[in-house]
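Visitor: Below: sequence and its predicted model.
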Amino acid sequence: MNPIIELLVFVGICLSIFIIIELIIRNIILSVNRNFQWLIVKKDEKPKLSKSGLEKFFKHGYDSELGWVRKPFTEHEENGKTKWHIDKNGARENPVSGYKEGKISCYGDSFTFARQVNDNETWGYYLSELTKTNIQNFGVGNYGLDQSLLRLKREFEKNPTEIVILGVVPDTLSRILSVWKHYYEYGNTFGFKPKFEVVNENLRLLKNPIDEEEKFLDYQKFLEHIQSNDYFYKNKFLKEIIRFPYCFSILRNLKRNYEIIKGVRKNNQLKLKNQEKSEITWKPMSVIMKINLEWRIKLFKQTHTFVLFNKILEEYVNYSKEKNFKPIFIFLPQKDDLLFIREKYHFFEKFINKINKSQDLIFIDITKKLILEDDLKEFFSDNNDYGGHYSSEGNKKIAKLIFAELKNKKLI
């Protein structure tokens, strides 16, 4: 046979094999993507926003300044087990009786809001009973330290208190670097938010780019601004996206992609057989939580992250002086944070030591006390390494730790 023809036949066979492999991998990846939002593909660069989802979001959560908020007189039941309610002021209902407001308020994320427990099982509720005051809880799920400070500035004059507790998870470092949550928390496509930046050693606010409901329909017009200001677009999102050619693109994060694909496909098989998914259900998400923990650890070591974080805390202190309240800051660690610290090292201890030098900011460290507990499982709602949010027992423990520090510092 003619050598040229032999070469063409060989090339044709190789190309056919490549096409077949590419189609198989492509179909697997797209199938997993439909079932699990964390395996991202090209369409996720500019995802289509659900109109029905937006209508619900506008009604219950959208906020043009902060991105999202808990709106007055709303309520929600979680997993048929717990329920929360929002009062007329936009704070979580605190069903204490006989105690006046005005002593303490708290701001922060879902660990301050206290998801996965009822209104009478939050640490704010238990701390109210200990301090004999009706604590106002303005925590909002998925807030960063930046949004928490902005919420404080908006609410404080209407709801002034002698003490303010600002409580967030250590993962708040990722949140203060985000403009669109989707670039870090894939699938959170409604999560546009404001962000601070440090310019010439001063804090400057970048307002929420999607500050009108109509802008959601044309959000792609604002992507250049969003992408240039969101740390994770280039550093995470673009590095984890899978695109053509799939058989090569999947290799960039092979371990991550393989574990996700394996877990999701196993779940689907069990679902078809109508079997219990049990631990397998958690497997794909545990891959993501492990990666997120690795990101947290890395961010706590980066100078630019500390500078931004510290500037936001400085603004918090400055605002406390202006409004004459005692500013308290607290990290509320997740279960995987505590397990890592217990087994390896305290990855944000040096970070804390830097911010703890300010005599104006009162820092309450509960992490060192929590890692001494024999069984952390009872303090969290979910039975996995992440742990979900604090359980009722966990919130009792947090309230006691905060109360002890408040007494020790003679604030109550």
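Guide: Nice, thanks for sending it over.
Visitor: which residues of the stretch 151-300 of the chain fall in strands?
Guide: With strands called from DSSP state E, counting those that start in this stretch, the stretch 151-300 of the chain shows them at 163-168, 195-199, 202-206.
Visitor: swap in the stretch 1-150 of the chain?
Guide: Along the stretch 1-150 of the chain, the stretches classed as strands by DSSP E, counting those that start in this stretch are 62-63, 67-68, 75-78, 82-85, 104-108, 136-137.
Visitor: Strand partners (parallel or antiparallel) of the fifth one?
Guide: Strand 104-108 has these partner strands in its sheet, going by DSSP bridges: strand 136-137 (parallel), strand 163-168 (parallel).
Visitor: which one of these is the most hemmed in?
Guide: strand 136-137 (a mean of 27; mean count of other CB atoms under 10 Å). To be clear about C-beta, it is placed using only N, CA and C from the backbone, and glycine gets the same treatment.
Visitor: Just the helices from the stretch 251-400 of the chain, written as ranges.
Guide: 254-272, 278-299, 303-323, 335-343, 349-355, 367-370, 392-408 (DSSP state H, counting those that start in this stretch).
Visitor: nearest to Asp171, of those?
Guide: Taking CB to CB, helix 278-299 is the member of the helices of the stretch 251-400 of the chain nearest to Asp171, at 5.4 Å.
Visitor: quick revisit: mind giving me TSV with the strands of the stretch 1-150 of the chain and columns for mean pLDDT?
Guide: Formatted as TSV, the strands of the stretch 1-150 of the chain follow (pLDDT from 0 to 100):
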stretch	mean pLDDT
strand 62-63	97
strand 67-68	98
strand 75-78	92
strand 82-85	96
strand 104-108	98
strand 136-137	97
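Visitor: so where's the protein uncertain?
Guide: Within the chain, the ranges that satisfy pLDDT under 70 run 1, 272-282, 356-358.
Visitor: OK, contacts around the residue nearest in space to the middle of it?
Guide: The residue lying closest to the centre of the chain (CA atoms, centre = their mean) is Asn142, at 4.4 Å. If a contact means CB atoms under 8 Å, 6 or more residues apart in numbering, then Asn142 has 68, 109-110, 175, 181, 185, 188, 191 as its contacts.
Visitor: and Leu7, how many neighbours does it have?
Guide: 10 (other CB atoms under 10 Å).
Visitor: Next up, the contacts around it.
Guide: So Leu7 contacts nothing (CB under 8 Å, 6+ apart).
Visitor: what's the distance between it and Ile21?
Guide: As judged by CB to CB, to the nearest Å, Leu7 and Ile21 stand 21 Å apart.
Visitor: Please apply the same query to Pro209.
Guide: For Pro209 relative to Ile21 (CB to CB), the value is 41 Å.
Visitor: out of those two, which sits in the more crowded spot?
Guide: Neighbour count, other CB under 10 Å: between Pro209 and Ile21, Pro209 has more, with 21 against 13.
Visitor: Which residue is the nearest non-sequential neighbour of that one?
Guide: Phe222 (4.7 Å; CB to CB, 6 or more residues apart in numbering).
Visitor: could you give the angle of the longest helix seen in the chain to helix 254-272?
Guide: Ranked by residue count and defined by DSSP state H, the top helix of the chain is helix 3-35. Here helix 3-35 runs at an angle of 60 degrees relative to helix 254-272 (axes from the mean of the first three to the mean of the last three CA atoms, to 10 degrees).
Visitor: between helix 3-35 and helix 278-299, how many degrees?
Guide: Between helix 3-35 and helix 278-299, the angle formed by their directions is 100 degrees, by the same axes, to 10 degrees.
Visitor: on that earlier part again, figure out which of the helices of the stretch 251-400 of the chain is closest to Phe73.
Guide: helix 392-408 (23.8 Å).
Visitor: Show me which residues of the longest helix of the chain are buried.
Guide: 25-26, 28-29, 32-33 (16 or more other CB atoms under 10 Å).
Visitor: With distance to Asn408 as new columns, can the residues you listed be given to me in TSV?
Guide: Below are the buried residues of helix 3-35 laid out as TSV (distance: CB to CB, whole Å):
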residue	distance to Asn408
Ile25	59
Arg26	60
Ile28	57
Ile29	55
Val32	51
Asn33	51
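Visitor: Those: which two are farthest apart?
Guide: Ile25 and Asn33, at 12.2 Å, using CB to CB across the buried residues of helix 3-35.
Visitor: what residues are shared contacts of these two?
Guide: Going by CB under 8 Å, 6+ apart, no residue sits against Ile25 while also sitting against Asn33.
Visitor: Tabulate the strands of the stretch 1-150 of the chain in a markdown table, adding columns for distance to Val317.
Guide: Formatted as a markdown table, the strands of the stretch 1-150 of the chain follow (distance: least, CB to CB, whole Å):
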| stretch | distance to Val317 |
| --- | --- |
| strand 62-63 | 25 |
| strand 67-68 | 24 |
| strand 75-78 | 34 |
| strand 82-85 | 30 |
| strand 104-108 | 14 |
| strand 136-137 | 20 |
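Visitor: The ones you listed: which one's closest to Phe216?
Guide: That would be, of those and by CB to CB, strand 62-63, which comes in at 8.6 Å.
Visitor: Strand partners (parallel or antiparallel) of the closest one?
Guide: strand 67-68 (antiparallel).
Visitor: which one is Asn257 nearest to, not counting chain neighbours?
Guide: Ile250 (5.2 Å).
Visitor: wait, what's in contact with the one you found?
Guide: 25, 29, 242, 257.
Visitor: pretty sure the first one contacts Cys247?
Guide: Yes - assessed by CB atoms under 8 Å, Ile25 is found in contact with Cys247 at 5.0 Å.
Visitor: of all the helices of the stretch 251-400 of the chain, which lies closest to Gly53?
Guide: That would be helix 278-299 among those, by CB to CB, at 20.9 Å.
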